[in-house]
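K.L.:
Okay, sequence plus prediction incoming.
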Amino acid sequence: MAGRVDLDGNPINPMTICMIGAGGFIGSHLCEKLMSETQHTVLAVDVYSDKIKHLLEPTSLPWNGRIQFHRINIKNDSRLEGLIKMADLTVNLAAICTPADYNTRPLDTIYSNFIDALPVVKYCSENGKRLIHFSTCEVYGKTIGAFLPEESPLRQDPAYFLLSEDASPCIFGPIEKQRWSYACAKQLIERLIYAEGAENGLEFTIVRPFNWIGPRMDFIPGIDGPSEGVPRVLACFSNNLLRHEPLKLVDGGHSQRTFIYIKDAIEAVSLMIENPARANGHIFNVGNPNNEVTVKQLAEMMTQVYSKVSGETPLETPTVDVSSKEFYGEGYDDSDKRIPDMTIINRQLGWNPKTSLWDLLESTLTYQHRTYAEAVKQAMSKTTTN
Ligand SMILES: NC(=O)c1ccc[n+]([C@@H]2O[C@H](COP(=O)([O-])OP(=O)(O)OC[C@H]3O[C@@H](n4cnc5c(N)ncnc54)[C@H](O)[C@@H]3O)[C@@H](O)[C@H]2O)c1
Ligand SMILES: O=c1ccn([C@@H]2O[C@H](COP(=O)(O)OP(=O)(O)O[C@H]3OC[C@@H](O)[C@H](O)[C@H]3O)[C@@H](O)[C@H]2O)c(=O)[nH]1
């Protein structure tokens, strides 16, 4: 750890980082990396701490004292400004970010992703503090190619689907498709941060994650989250596999996604943290363009990988189709395809993802099986005996 240098060969000085949303999926991995590989101090802000409790106790861990947990709801807590003032850098991860909420809780979604982020931006700007804000690949919405006829050869041309920070438009559906409440709120907070940079000199970096997945993502319904809850696709499919039931393909599972292993993505964030001169003022796509699949292909691959890691034989009919209205309710819509342009992150930070989809699913599903299989079995036997 001693003598660590940045990408330009300058020594990295220990800093204090106020991490809001530190108890979530991404936050837990970022805290882990900062504790085990750097000398930085983290003021971890969240309403939950379960996913980072292994870092907070026991007090004899080597990073004792370098991570402090502050149970704060940023909606209404005056301690937030003090923490931002104490830190050199604020990383804001806090958000409602599960698609099942966007059309069913649109107000909470908009408040969480726009209104609640406003004071964070304001305190950073007023106090001259650097901000790394987590946005989303959903700000791109649909691709231009989605509006071409099905059979058009132009659909194969990257000009019609590659998502570039400084060139692609943001294409959302109509207002009644409340799915876009999240993307639109994220877009507006990006514009506000950008404007704070332009008018008031805020030092900022905006991150657009493209489907980061791995251990500790979301929850397994009825085990460590509500039984009726609908998490993101990795946890939905993991839940189906653990319960030995078919994986549900929303509207046939034709949408395409690129998935990146959380540990690869965290490398990129850590480069942003430690290379402010290269990261400030930029918006970065962080994804793995080589890991593209349709949701149907993802379901098939997860079925195969789970069978390998659990030793269980897959179901004869491993998937079942379900309409989006039935699965998510009225007002759902979808991004058709998401391939990140990597030009800017390559140029500024020289970063590239490493892990293939098969490998990241193997390590993630090994974790899911080890963590949940027994609890799911017990929960299922209780339901059948009752
Ligand atoms: N995981 C992905 O692939 C992905 C993709 C695109 C964007 N993002 C963005 O990255 C960020 C983190 O995502 P994640 O996957 O870790 O989600 P997550 O839900 O696991 O983490 C978010 C954390 O923020 C906390 N939080 C929410 N509101 C809060 C409040 N008012 N006060 C205090 N804490 C609050 C939650 O308790 C949670 O622990 C989000 O802004 C999300 O929009 C993630
Ligand atoms: O059980 C399921 C769950 C999901 N799906 C589909 O799988 C795809 C991916 O769904 P996810 O739940 O992972 O969410 P999305 O990729 O649509 O959006 C996510 O991407 C970027 C982030 O900002 C958010 O974390 C989230 O909005 C969607 O097409 C969805 O309809 C299924 O077919 N079956």
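P.N.:
Looks like it came in fine. The structure presented is a predicted model; accordingly, all values stated were derived computationally and were not measured. Ligands and ions are numbered 1, 2, ... in the order given.

K.L.:
From here on, just use CA atoms for contacts and neighbour counts.
P.N.:
Fine.

K.L.:
for the stretch 251-386 of the chain, what are the low-confidence residue spans?
P.N.:
When residues are selected by pLDDT under 70, those of the stretch 251-386 of the chain lie in 385-386.

K.L.:
Kindly report the residues of the stretch 1-150 of the chain close to ligand 2.
P.N.:
Residues of the stretch 1-150 of the chain found near ligand 2 (CA under 6 Å from any ligand atom) are 97-99, 136-138.

K.L.:
Format these as JSON lines; extra columns: distance to E199.
P.N.:
Converted to JSON lines, these look like this (distance: CA to CA, whole Å):
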{"residue": "C97", "distance to E199": "29"}
{"residue": "T98", "distance to E199": "33"}
{"residue": "P99", "distance to E199": "33"}
{"residue": "T136", "distance to E199": "24"}
{"residue": "C137", "distance to E199": "25"}
{"residue": "E138", "distance to E199": "26"}
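
K.L.:
Provide a list of residues in contact with Q348.
P.N.:
Going by CA atoms under 8 Å, 6 or more residues apart in numbering, Q348 touches 278-279.

K.L.:
Which helix or strand contains it?
P.N.:
For Q348, the enclosing helix or strand under DSSP states H and E is helix 343-349.

K.L.:
again with L43
P.N.:
L43 belongs to strand 41-46, assigned by DSSP H and E.

K.L.:
Just the buried residues out of the residues of the stretch 1-150 of the chain next to ligand 2, in ChimeraX syntax.
P.N.:
Command for ChimeraX, covering only those of those found buried under the criterion 16 or more other CA atoms under 10 Å:
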select :97,99,136,137,138
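
K.L.:
What about the residues of the stretch 1-150 of the chain next to ligand 2, which are in helices?
P.N.:
P99 (DSSP state H).

K.L.:
Relative to E176, which of the residues of the stretch 1-150 of the chain next to ligand 2 is nearest.
P.N.:
Distance to E176 across those (CA to CA) is lowest for P99, with 15.2 Å.

K.L.:
hey, where'd the strands end up in the stretch 101-250 of the chain?
P.N.:
Along the stretch 101-250 of the chain, counting by DSSP state E, counting those that start in this stretch, strands occupy 130-134, 162-163, 204-209, 212-213, 247-250.

K.L.:
How about the secondary structure of the spatially closest residue to E165 that is not a sequence neighbour?
P.N.:
Residue nearest to E165 in three dimensions, not counting chain neighbours: I283, with 6.5 Å by CA to CA, 6 or more residues apart in numbering. Assigned with DSSP: H, G, I helix; E, B strand; the rest coil, I283 falls in the strand class.

K.L.:
any idea how far I283 lies from Y140?
P.N.:
In this view, I283 and Y140 are 13 Å apart by CA to CA, to the nearest Å.

K.L.:
okay, and the common contacts of these two?
P.N.:
Counting by CA under 8 Å, 6+ apart, no residue touches both I283 and Y140.

K.L.:
close to ligand 1, is stretch 243-258?
P.N.:
No: if you take CA under 6 Å from any ligand atom as the test, stretch 243-258 misses ligand 1, and the best it gets is 10.2 Å.

K.L.:
how far is that stretch from where the chain is centred?
P.N.:
Computed by CA atoms, centre = their mean, to the nearest Å, the chain-centroid distance of stretch 243-258 equals 19 Å.

K.L.:
Endpoints of that stretch, how far apart?
P.N.:
26 Å.

K.L.:
Ok, stretch 237-257 next?
P.N.:
End-to-end for stretch 237-257, by CA to CA: 15 Å.

K.L.:
Ramachandran coordinates for P231?
P.N.:
Backbone torsions for P231, taken as degrees, to the nearest 10, come to phi -80, psi -170.

K.L.:
Now do the helices in the stretch 151-300 of the chain.
P.N.:
When assigned using DSSP state H, counting those that start in this stretch, the helices of the stretch 151-300 of the chain occupy the ranges 180-200, 233-242, 262-274, 276-279, 295-310.
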